[in-house]
Structures are given as C-alpha cells and as structure tokens.
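Student: no sequence on this one, just coordinates:
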C-alpha cells in the first residue's frame, strides 16, 4: 500500500494511509487542540505494512487507535477503493432516517469519494477547530467532519454543534480535503437535510434502538430559563431548542406554554424563518391569551416579511388603538407598513434605498409586478414551438417600472472573491460565484423548505420531474437552476440603471455609489424574462433588489425581454450563450442575431470596430492622448467611412453597436480638426443609433456628455 504507483495510477495515497494519519481518540481523549501540539513521531515497526515508508505519523494516533489499525491491516486488501476521478460529489435528496441502516467508520472507509446511500452514521461531536468538527462513533473511532451549507459565515457553528452533540449523518461519504487527491480524507456533507440533530442523548439512544421519541424529563421552567439565557446571548437556535423542549413536556403550565411559544416565535424571526413564526407559534398563543401584546407584535412582523400587509396593518392598528402611549416599535412598524404598501403599488424611494446600501442597513422592501405584465406564460412561436416567457397584457409606455423584488438569494460584492470571479466587463458569473449562490440557496431552503416550490419552478437544463417532494433539497437541481438563472452586475456593466428613469430623481453617479449597486443572485419573478439582444426592457440592481423597466414603448401582446449580457459583439454573445448553464446553453433567435448569422462580412466589421474602439480608448487612458488623435491612430478616416456606409441601410438594431462607436470616433476626429458642428452631428447620430437600437436606458443619455461637451 505504500507504493503509490501500484495502488493508484493517479498518485492518490490510499485511504488506509489517510486514516492512519488522522483517526484518533478514546474515552479520555483530550481534544483536537492538544493532539495537534504533540510531537510527531514515526510509527512502530508492527504497522509498517499498512503505512507508507518515509512518512511521519504521530505516535499518539497509533497508540490510541491500535485496534482500528489492526482492523485495517487485516482488511487492507478487501474492497478498499482509490479516490474517484469525478471532481464533484453532491448529496441527493435526503431520505427519512428510518429508511437507512446504521453504519460505522470502518465500513465507510472501505470506499471513499462515494456516497453510501443506504446508510446513516451516528456520531457525537468532540471539539471544533474553526472549520471542521472532530466527531466519534460508538466504537470510539474519530474523524474530522465538514458540514457545508450548514451555517452562514457570520454565524457561530458551535451554537448548532456544541461539544457532546449527538447527530446522525445520512448517506455519509469521505473525500479529500479541498478536493485535492494529495490531501487527507474527512467526512463531508453538503446537504443540511442529511444531518439529523438530537436535542438530548436520550432521544439519540431511542433513535438508535428504533424507539419512539422519549418524553422530556427536565422541568419546563428550567428549560425556559435556559432558553432565555441563550436568547440574551444572541444564541437564537440554542434558545429555540430549549423552548421547544419545554413545550414538548407533558406537564407544561399555561404560563410556561405562553412564554415559551411567544419567545420561540421571536427566535424564528431572528433566524428569518417567517413561516414558522406565523404558522406555528403566534396563533397558538393567541388562542390562550388573545390580548398578548408581544405575541401580536411578533405576528405582525412575520406578516410584514411575508408581504401580507393588510393583515399586518389591521393588527398594528388594533395595537395602537388599544395601547396609544405604548411601544414605540409598533408605531415604527406602522410607518414601515405604509411605505411597503406604496412600494407594492410600484412607488419606490430609490435614493433612500441607495443610502440604505451605503450604510449597510438591511431594510425590507416590498415586491411589485405591474398589471401590464403577464409573468411566466406560454408563448407560441411557429418555428420553435411554445416556450415560457413574459408578455405585455396592455400597452406600456417608455420608462415604466414593470417588476421589482428582493433577490431570492444574494451574494454581495463584499463576499469572498465574488467581484474578481465575475467577468468584469459583462457581469457574467463564473462557476465559483455560482457555487456561492447555490450554497446560499441551499442554506435558505434548509431553514424555509416551503420556498422549494418557488425555486424549483425556474427553468433549468436537467429533467427533475421525478422529484415529488418540493421541500427537499436537491443539490444538483439547485446548481442547475443557478447556472441558468443567476445574474451578476458590476459598476463597469453598461446595463447600469438610469435611476432617474425609475424614480424621477438623479442617478447614483459616483464610483462608490455604483459599486454598491452590484452583486450576484437569483430573483424569482425577474428570471422569467427571456433574453433578446434587442430587448425592450432593462434590469438593474440596488443592493439585493432588482428592477426591470421598459426602455421603449411596448405594444400589447409583445414579449418582454431583457439582455442577459451587455452590448457585446455577435460572436462574443453567441459563444457565451452556447456555454450558458449546465445543459449546453441556447441560441439567441432575436432579429439582430438572425441577421448576423447570414451576414458574416458585417460580423467581421463589427468585431473590427469593437477592437479598434477599445484600442483608441486605451491610447487615451495610457498615453493621455486626445480622443481625436487616438481615433486617427487607431482607424483611418477612409476605413471609418467605409464601415459606416456598409451599415447605413440596415435595421437600427443591427447598427446599435458599431455605428455609435464609429460616429463617436469620427466626432472626436472632427472636433480635433476644429469642425465642431460636424462633430456635433456625429455625436447626435451616435446617440440616435444607440437609442433606436437599444432603447432609452442605453441610448441617448449614453452620448449626452459628448453632445454637451461639443456644444460648449
């Protein structure tokens, strides 16, 4: 086993080697930290047969795992598998615990990088090192366990997994750290629904024997006090568990019942589990004490987050009339409900939202869908059949707000490497950024499984029709949905919103303000809009809220489309869409792409203009040359006029990229030569070409600075 080349042609050390280096522990195990500080020593000679030569192994590991080493030595030739070449393993939909058979680490280690679908692994936590948890099973064997998508980065995992926590890991598997074949093995789980936590050791032992859940033995008052202590220390999950145990006690008093249920509702609110706060806790308390002020206020807060504004308004109004001089928070909530009601009708304070983003405040905002928009309807098309999209149910004017909502899941630009993982020019999310968004979606579904039906309603490339339970986390399906529907926006993106179009106010303007209007995520309603290179709608971000508005007048029955990519060339757009999503992407069939697919000469001219325009702007930035001089150096006047002539008689949507760039270069050239009136005409034609091809948001304003500067 020590001869790697014979064991694994990929150079992967065998699983027994990894296990021998990291398995440790018995009943008086001092903990991972002290183990890591011990001196490293070589293995005793008796174990040379199962350990690679010239590799140090801590003697304490060998001493405390002698029985397990002997077991490995006796079974080293029976079914031990090398690491699979598959780079990514995903847990499937979590089964029920009673459908699985208990297993041990000694069985799991026999085949690594493979999910043991028919088993569950019962564990107890020992210590935590900041990233992974040291766990042991009934036989005393210990291993590092890494739980992905289990807690958010700002949360303390020790709150959910303190020492001596009992859990069952459904469908366990082992893999290499950091997906590196040369690293140690550890237990891993990506699906939070595959982790079953037991509140007490008695519940864990009962589950092992297949017995019913034992009755709670600890006094409800004591559990309530522990829950209050945990809540005061902002350990809301821990407090929730104590309150739940108190409520399950067969002799819980009415006073403890009301207090624990109301307090548990608050823990749900703090963990953003709005459905549980509304449906589980508050109504039960109100049946016992209808005038309970705190409980009614907490129920109103849950109703607001679920956008049930009429019910919340009624409840808050009743509280204000019954207690006119009491609870300032109720009055503040009343003001918020009035603002949210206005937003529900499409009236947003965009500048106020930008200030919230700058100050890192997480204010809640209502979603909006215009009555003129039909979302997710079947659209028949003769040549390709029917497909799902959005239609204008009535005539729509230019600049109308059509749709606005908070992202279902969102990763801000401050998150790990999200900004650098994006394509800075077009805002297309990389695979790494998509994985971050997928992780956020998995974490959200683990806490609010009722949202699974909404997320799974989005289109993706795979066939998941066999999944009947839509509250179950399906990692492959979520990753597929994210790859097809996730958006990304950055300040360089030409699709940045003209905020004045939405709210009649001034645009964000500054570099710092625009930096805040970016990030990546998924919006449920907005994902239903299809792509077109000549879209009649535009999307934009303010914090984690997406807005879609019309860029020109739209007739009733016309499909509403947005641009998934900013104004790139035909070749770049086609390449991006061919690689879109997991299932092979798609082909854009808009009028612009259809025209270019049969006019290769104009495609080459557009690419040439794109390259030369970037060259000219590069000369301006690097050498501080005037734009007119840079234009003359980049592309001769004759060639500019030749390409402009070739695009003269085509549709506006065909010329919307090349013509504005050429006219801008020509205008700068004429201005440099002193022909200011000629330059002004070039800039006007550039603005008109942009406007007619792309609409108001991309169009006239994009060239206004040139027009105004030339006029001055």
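Tutor: Okay, I see it. Fair warning: this is a prediction, and the values are worked out from it, not measured in the lab.

Student: Show the low-confidence segments of the stretch 301-450 of the chain, by residue range.
Tutor: Applying pLDDT under 70 to the stretch 301-450 of the chain picks out residues 324-326, 382, 413-430.

Student: any chance you could map the strands in it?
Tutor: Taking DSSP state E, counting those that start in this stretch, the strands of the stretch 301-450 of the chain run over residues 368-369, 373-379, 387-392, 401-406, 409-411.

Student: Would you format the ones you listed as JSON lines with mean neighbour count and distance to residue 478 included?
Tutor: C-beta coordinates here come from the backbone N, C-alpha and C atoms, glycine included. JSON lines is the format used below for these (neighbours: other CB atoms under 10 Å; distance: least, CB to CB, whole Å):
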{"stretch": "strand 368-369", "mean neighbour count": "20", "distance to residue 478": "24"}
{"stretch": "strand 373-379", "mean neighbour count": "17", "distance to residue 478": "19"}
{"stretch": "strand 387-392", "mean neighbour count": "18", "distance to residue 478": "19"}
{"stretch": "strand 401-406", "mean neighbour count": "22", "distance to residue 478": "19"}
{"stretch": "strand 409-411", "mean neighbour count": "23", "distance to residue 478": "10"}
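
Student: could you dump those to JSON lines with distance to residue 674?
Tutor: Converted to JSON lines, the strands of the stretch 301-450 of the chain look like this (distance: least, CB to CB, whole Å):
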{"stretch": "strand 368-369", "distance to residue 674": "51"}
{"stretch": "strand 373-379", "distance to residue 674": "51"}
{"stretch": "strand 387-392", "distance to residue 674": "48"}
{"stretch": "strand 401-406", "distance to residue 674": "45"}
{"stretch": "strand 409-411", "distance to residue 674": "51"}
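
Student: I'd like to know which of these is closest to residue 627.
Tutor: Nearest to residue 627 among these is strand 401-406 (35.5 Å), distances taken as CB to CB.

Student: Let me know which of the strands of the stretch 301-450 of the chain is the nearest to residue 485.
Tutor: Closest of the strands of the stretch 301-450 of the chain to residue 485 is strand 409-411, at 10.9 Å (criterion: CB to CB).

Student: What strands line up against the closest one, and which way round?
Tutor: Looking at strand 409-411 with DSSP bridges, its partner strands are strand 519-522 (antiparallel).

Student: which outside residues touch the helix or strand containing residue 225?
Tutor: Element membership of residue 225, judged by DSSP states H and E, is helix 220-232. Outside helix 220-232, the residues within contact range by CB atoms under 8 Å, 6 or more residues apart in numbering are 216, 236, 238-243, 245-247, 249, 251-253, 256, 259-260, 263-264, 266-267.

Student: Sort out for me which of those residues are in strands.
Tutor: Among those, no member is found in strands (DSSP state E).

Student: PyMOL command to pick out the buried ones of those?
Tutor: This is the PyMOL syntax for the buried subset of those, where burial follows 16 or more other CB atoms under 10 Å:
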select buried, resi 216+236+238+239+240+241+242+243+245+246+247+249+252+256+259+260+263+264+266+267
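
Student: tell me the mean pLDDT for the helix holding residue 225?
Tutor: Mean per-residue pLDDT for helix 220-232: 93.

Student: Compute the distance from the centre of it to the centre of its chain.
Tutor: Put simply, helix 220-232 sits 34 Å off its chain's centre (CA atoms, centre = their mean, to the nearest Å).

Student: Would you indicate which residues of it are buried?
Tutor: Within helix 220-232, the residues scored as buried using 16+ other CB under 10 Å are 220-221, 223-224, 226-228, 230-231.

Student: next one: stretch 618-630 to chain centre, how far?
Tutor: Distance of stretch 618-630 from the chain centroid (CA atoms, centre = their mean) equals 40 Å.

Student: for that stretch, which positions count as buried?
Tutor: For stretch 618-630, by 16+ other CB under 10 Å, it's 619-620, 625, 627-630.

Student: Need the max-distance pair from these.
Tutor: Within the buried residues of stretch 618-630, 619 and 628 form the most distant pair, 11.1 Å apart (CB to CB).

Student: Would you enumerate the residues in contact with the nearest residue to residue 627 once chain neighbours are set aside?
Tutor: Once flanking residues are discounted, residue 627 sits nearest to residue 668: 3.8 Å by CB to CB, 6 or more residues apart in numbering. Residue 668 makes contact with 626-628, 630-631, 679, according to CB under 8 Å, 6+ apart.

Student: which one of the strands of the stretch 301-450 of the chain lies closest to residue 597?
Tutor: Evaluated over those, closeness to residue 597 peaks at strand 387-392, with 19.5 Å, by CB to CB.
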